[in-house]
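[1] Here is a sequence together with a model predicted from it:
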Amino acid sequence: MDVRGTELATTGEAAARQTTGEDLWTRPARAGIAAASLLTVVAVLIHGFHPYAEDAGVYLPGVLKILDPELYPAGTGFVTAPERFSFFAAAMAGLIRLTGANLTACIFAVYLASIWATFYAAWRILGRCYGKIEGCVGGVSLLALCLSMPIAGTSLMLFDPYVTARSISTPCSLIAIGAALDFVFDWRRGGRAQSEIAIGLLSLMVAAFMHPLMGAYAAGCVVLFLCSSVRGARVRIAARAFVAVVAVAVAALLYILAPARPVGYAHVAQTRYYWFPENWHWYEIFGLIAPLLLIGLIRYRADLSNPARCLARMALAAGAIGMGVWLLFAREALLNYAVARLQPLRVFLVVYIVLILLSGAELGTRVLKRAGWRWLTLFLALGGLMLFVQFKSYPRSAHLELRPNKPSNDWERGFEWVKHNTPRDAIFALDAHYITIPGEDAQNFRVIAERCALPDYMKDGGLAAIEPDLTPDWLYGERVQEGLDQEDDVQRRAKLRGAHVDWVVLASDAATSLPCPYRNESMKVCRVQ
């Protein structure tokens, strides 16, 4: 795939490439593999690895359930819900069986591979958009440094410091966009480009199999890229307008045809504040508008290459359509939340990545260039800031949690004790908000302890919001576990009597006369008698 001067916006950029002798496509594999490999190591060292935290606790119990069907005999709906439309759990279980590796080792390998694939796909995209190696290195380096950046108020990060279905769908999405980019500009040179079509379709299929929602948004971005690359401004505008009309029409149909939801589902959905625009703070709204403004500024730069310009157009259109659908159909006052469940702002994952890649490429080619001290300053300043944020986000956990049997976090140690010292069919209750207790670091009980637990507010609430059939179980679990740490034993027994709970996990300072065979400075595990 030789990038020729005819694809560049100006002859000056082509001349710069000829002068420096930097044609990335003479040795694309070697340069991309080396950069992606080095930056993967840098990214992991900066952003860490927490295999059982946050959403990992939503996805991984399903993997464990496939490997051992006797696990989680109660509350199984919250374990298997992510498997309903995704092959992630089956794929991970199959990988573990194939390799014979333990869960942590397998997850870490997938973590490394998915980061590497993301960086390599980004490198290939930038190689098509920019002629200088500084552009590619700048864009991928900035992505590596910002990997755990939050995406406005969507409750998403660019890339989680653990493995979920998004860990696989994200690089697949970028590969598909890169294939579309290659297809368009190879086809314009008279090439047949069948390989790009096959790669793009295969990548979208894998993304959809792993995470159907993110796969659908990736497919939408590919369509918008194709529309944005059409010659003729009027045709491009008409094509993108047509996609916008189709998106709004589909959202309207989903809203109109949405089935009735269980009693209490509105309460469940409204706990996901980030679904609804009226709940957002001004700075979260700014996090949606500012990226579009910045991409717009880059888009109108006179000497921007045509591929980069098409990429910017795609991001602007995707962001605008996502915001439009969100504002029209994701409001608390509406009769149903069928569209809100689809979280249309998740398309901003692609918007943010495009912003970072283009900004980093511009920074590399215009500011950093080949001055080593400037690159070092960028890595030390931004990398140090992101490392500090990670330490603040997981203050009681190891930065790289590679030894699951020897955790540094008190809550994890307690959960490990539960795994090895309680019956496999035991049912546990924890405070509904235990994941947000200071020092708990969002470590998930169900996946670490491998025991049944009543649904919690944060993560299981998200599952119930997406899967309305879980509404009654979640409402019950929230009611009986709300304020569990602050109650006395009489109140606890009264609330938990109908839940068939055998054990409770309490904060260390919770008052109780229950026998607690395990305790540490942060928590204790007590038997309900």
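    Now that the structure is in, tell me what you want to look at. Residues are numbered from 1 along each chain as shown.
[2] Check which element follows the helix or strand encompassing residue 177 along the chain.
    Following DSSP states H and E, one finds residue 177 within helix 165-188. Remark: after helix 165-188, the chain's next helix or strand is helix 194-210, criterion DSSP H and E.
[3] Pull out the buried residues from that following helix.
    196, 199, 200, 203, 204, 206, 207, 208, 209, 210 (16 or more other C-beta atoms under 10 Å). The C-beta positions use only the backbone N, C-alpha and C, and glycine is treated the same way.
[4] Report the two of those separated the most.
    Across those, no pair lies farther apart than 196 and 210, at 21.4 Å, counting by C-beta to C-beta.
[5] about what we covered before: just name the closest of the buried residues of helix 194-210 to residue 48, please.
    residue 210 (22.7 Å).
[6] what pLDDT does that closest one get?
    Listed pLDDT for residue 210 reads 96.
[7] For residue 483, which non-adjacent residue is spatially closest?
    residue 431 (7.2 Å; C-beta to C-beta, 6 or more residues apart in numbering).
[8] Could you check how far the one you found is from residue 353?
    Separation of residue 431 from residue 353 (C-beta to C-beta, to the nearest Å) stands at 37 Å.
[9] ok, residue 502 - contacts?
    Residue 502 sits next to 422, 423, 426, 427, 428, 527, 528 when contact means C-beta atoms under 8 Å, 6 or more residues apart in numbering.
[10] Pull up the gap between the closest residue in space to the third one that isn't next to it in sequence and residue 424, please.
    With C-beta to C-beta, 6+ apart as the criterion, residue 426 has its nearest non-adjacent residue at 4.6 Å, and that residue is residue 502. Using C-beta to C-beta, we find residue 502 at a distance of 11 Å from residue 424.
[11] can you count the residues close to residue 113?
    15 (other C-beta atoms under 10 Å).
[12] so it sits in a helix?
    Yes: looking at residue 113 with DSSP: H, G, I helix; E, B strand; the rest coil, it is inside a helix.
[13] Residue 320 reaches residue 292, doesn't it?
    Yes: assessed by C-beta atoms under 8 Å, residue 320 is found in contact with residue 292 at 7.0 Å.
[14] between these two, who's got more neighbours?
    Neighbour count, other C-beta under 10 Å: between residue 320 and residue 292, residue 292 has more, with 19 against 15.
[15] what separates the more buried one from residue 216, distance-wise?
    Taken as C-beta to C-beta, the span from residue 292 to residue 216 is 21 Å.
[16] do residue 453 as well
    32 Å.
[17] again with residue 74
    Applying C-beta to C-beta, the value for residue 74 to residue 216 is 33 Å.
[18] just residue 395 next, same as before
    Between residue 395 and residue 216 the distance, using C-beta to C-beta, works out to 37 Å.
[19] Looking at the two, which is more packed in?
    It is residue 216, of residue 395 and residue 216, that has more neighbours when counted by other C-beta under 10 Å, with 16 against 11.
[20] which intervals of the stretch 301-450 of the chain have sub-threshold pLDDT?
    Confidence mapping of the stretch 301-450 of the chain against pLDDT under 70 gives zero matching residues.
[21] now do 90
    Confidence mapping of the stretch 301-450 of the chain against pLDDT under 90 gives the ranges 301-304, 333, 335, 369-372, 402-408.
[22] if you go through it in chain order, where are the strands?
    Ranges of strands in the stretch 301-450 of the chain, per DSSP state E, counting those that start in this stretch, are 427-430.
[23] do you know how far residue 180 is from residue 218?
    From residue 180 to residue 218 the distance is 10 Å (C-beta to C-beta).
[24] just residue 290 next, same as before
    23 Å.
[25] what about the two, which has more around it?
    residue 218 (27 against 13).
[26] thought residue 287 was touching residue 149?
    No: using C-beta under 8 Å, residue 287 makes no contact with residue 149, being 9.9 Å away.
[27] so what's the backbone phi/psi at the residue nearest to residue 483?
    phi -50, psi 140 (degrees, to the nearest 10).
[28] And for it, the neighbour number?
    Neighbours around residue 431, by other C-beta under 10 Å: 23.
[29] got it, and the one 10 residues further on?
    A count of nearby residues for residue 441, using other C-beta under 10 Å, gives 22.
[30] now the helices for the stretch 251-400 of the chain?
    Secondary structure of the stretch 251-400 of the chain (DSSP state H, counting those that start in this stretch): helices located at 265-270, 282-299, 306-329, 348-363, 372-393.
[31] And the contacts of the first one?
    By that I understand helix 265-270. 275-276, 332, 337, 340-341, 461, 464-465, 468, 471, 474-475.
[32] Repeat the analysis, applying 6 Å as the threshold.
    The contact list for helix 265-270 (C-beta atoms under 6 Å, 6 or more residues apart in numbering) reads 337, 464, 465, 468, 471.
[33] Distance-wise, check the last one relative to residue 331.
    As for residue 471, its distance to residue 331 is 20 Å (criterion: C-beta to C-beta).
[34] which of the two has more neighbours?
    The residue with more neighbours, out of residue 471 and residue 331, is residue 471; 20 against 15, by other C-beta under 10 Å.
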